[in-house]
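# got a sequence here, can you build the structure:
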Amino acid sequence: MNRRTHLKLAAALAMAACPCLSAAQAPALPSTQGTYPTRPIRLVVPFPAGTAPDVLARLLVPALTESMSASVVVENVPGAGGTIGVDRGAKSAPDGHTLLLSGDAALVLAGGAYGMRPPYETLRDLAPIAQLIVTPNVLVVANDVPARNVAELVALVRSQPGKFSYSSAGIGLSQHRAGELMNGMAGLDMVHVPNPSNPWTDVIAGRAQLMFGNIAVALPLIRDGKVRGLAVTSLTRAAAAPELPTVSESGLPGFESLSWFGVLAPAGTPPAVLHRLEVELQKAMATPALKERLAVMGAIPGVQDAAGFTQVIKNEIKRWAPRAGATGAAATATSSPAPVTLAQKP
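Residues are numbered from 1 along each chain as shown. Next up is the predicted model:
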């Protein structure tokens, strides 16, 4: 699928969700089970329209609306790395009519890790319901970077200290964490250049030499020749791009940095409502059209139950907590394994 077709399909699916975007335009349908929900459900997305969590939300809305027999309204509340929207969701009434669809960073970074000090505690102030999907990032380089694989890239960066930068959509996001993980594991000094508006433009124009970009966006750009893909950041190859090796198999064993997205409710939401939402989200995510669309984008199913998702968040908080500091860079380098030597591959 080329980039134009990919984007058209995403746009078409987003447009299909438009009737659900306004409570005024789409009044709540009668509930078929009990008294919940009694009005439209607000789905808070803490990032702007067009970003990965927003696209996921708008793909989810039609299936969830049908499953819940109620309107679902997407509300974008961006800012501060997602923490403004997450805080909005956490402070909403705990009645099941406000849900949060967030990425990992705003949920697992706290206490100064990567500079993140949110005004909430995820597992105190929110009730995890389901981790919807997990997506690897793709290590891409600008077309004028001569490296053709991870080993060549590491050798090139080492040969020109302080001259290589990597772009990301913001401090603490998985793209940033992947860059600092590579700095620490390979003994590099790449400079982080965040660009919350659109980090891809920096790499395409060559202002930044590389990026760890979400696979759903990266693959169309790679196939259009806008950037060059070197490897994926999961421990296994991605089914959507099996030709790309993993960073781990390319000379940095154990390298893994993933993005994931899940749905949570305010703490104190009644257990019966949480259970209903868990079941309905599982049903929505199992619809063939949504499963196929997400697979094309390179996503894999997450841990779609509350207990499992809660454990994922606990593990991730523990994993990233040692990487604390103003940006996380120094702590990542000191808490990662000793730099490794990579053998260049043909």
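
# the chain: helices as residue ranges?
Here the chain has its helices, by DSSP state H, at 3-16, 52-68, 83-90, 105-108, 122-125, 150-159, 174-186, 199-204, 215-223, 271-285, 288-296, 306-320, 329-335.

# possible to save these as a markdown table with distance to V247?
In this view, the C-beta of every residue, glycine as well, is placed from N, C-alpha and C. Below are those laid out as a markdown table (distance: least, Cβ to Cβ, whole Å):
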| stretch | distance to V247 |
| --- | --- |
| helix 3-16 | 24 |
| helix 52-68 | 20 |
| helix 83-90 | 28 |
| helix 105-108 | 19 |
| helix 122-125 | 28 |
| helix 150-159 | 6 |
| helix 174-186 | 7 |
| helix 199-204 | 17 |
| helix 215-223 | 13 |
| helix 271-285 | 28 |
| helix 288-296 | 22 |
| helix 306-320 | 17 |
| helix 329-335 | 15 |
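
# closest one to G254 among the ones you listed?
helix 174-186 (8.1 Å; Cβ to Cβ).

# starting at the chain centroid, how far to the closest one?
16 Å (Cα atoms, centre = their mean, to the nearest Å).

# run the angle between it and helix 150-159 for me.
If you take axes from the mean of the first three to the mean of the last three Cα atoms, to 10 degrees, helix 174-186 sits at 80 degrees to helix 150-159.

# list the helices and strands helix 174-186 packs on?
Other helices and strands packing on helix 174-186, by 3 or more Cβ pairs under 8 Å, 6 or more residues apart in numbering; DSSP states H and E, are strand 126-141, helix 150-159, strand 165-168, strand 191-194, strand 210-214, helix 329-335.

# number of residues surrounding R237?
16 (other Cβ atoms under 10 Å).

# ok, and the closest non-adjacent residue to it?
Spatial nearest neighbour of R237, excluding adjacent residues (Cβ to Cβ, 6 or more residues apart in numbering): T246 at 6.0 Å.

# bridged to the one you found, which residues?
As for beta bridges, T246 partners with V232 under DSSP bridges.

# how far away is it from R158?
To R158, T246 is 21 Å away according to Cβ to Cβ, to the nearest Å.

# do R276 as well
Taking Cβ to Cβ, one finds R276 at 54 Å from R158.

# who has more neighbours, those two?
R276 (18 against 15).

# pLDDT score assigned to that one?
We have a pLDDT of 97 for R276.

# cool, the one 5 residues further on as well?
L281 carries a pLDDT score of 96 in this model.

# OK, contacts around the closest residue to it other than its chain neighbours?
Of all residues not flanking L281 in the chain, A130 sits nearest, at 4.6 Å (Cβ to Cβ, 6+ apart). Applying Cβ atoms under 8 Å, 6 or more residues apart in numbering, we find A130 in contact with 262-263, 277-278, 281-282, 285, 302-306, 309.

# re the thing from before, and the helices of the chain: which comes nearest L43?
helix 52-68 (5.7 Å).

# neighbouring contacts of that closest one?
10, 13-14, 16-17, 20-21, 29, 37, 41, 43, 45-48, 71-72, 74, 76, 101-103, 132-133, 135, 214, 216-217, 259, 261, 280-281, 283-285, 287, 289-290, 293-294.

# residue contacts, G262?
101-102, 107, 128-132, 302, 309, 312 are the contacts of G262 under Cβ under 8 Å, 6+ apart.

# count of residues packed around the spatially closest residue to A205 that is not a sequence neighbour?
Nearest non-adjacent residue to A205, counting by Cβ to Cβ, 6+ apart: A142, 7.9 Å away. For A142, the neighbour count with other Cβ under 10 Å is 19.

# I'd assumed W200 was in contact with A142.
No. Judged on Cβ atoms under 8 Å, A142 makes no contact with W200 at a distance of 10.7 Å.

# are there residues contacting both of the two? Which ones?
V227.

# taking the centroid of this structure, which residue is nearest it?
S259 (3.7 Å; Cα atoms, centre = their mean).

# which residues does that residue bridge with?
With DSSP bridges as the rule, S259 is bridged to T135.

# related to what we said a few turns ago, restricted to buried residues, select the contacts of G262 in PyMOL.
Selection of the buried residues among these in PyMOL, burial being defined by 16 or more other Cβ atoms under 10 Å:
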select buried, resi 101+102+107+128+129+130+131+132+302+309+312
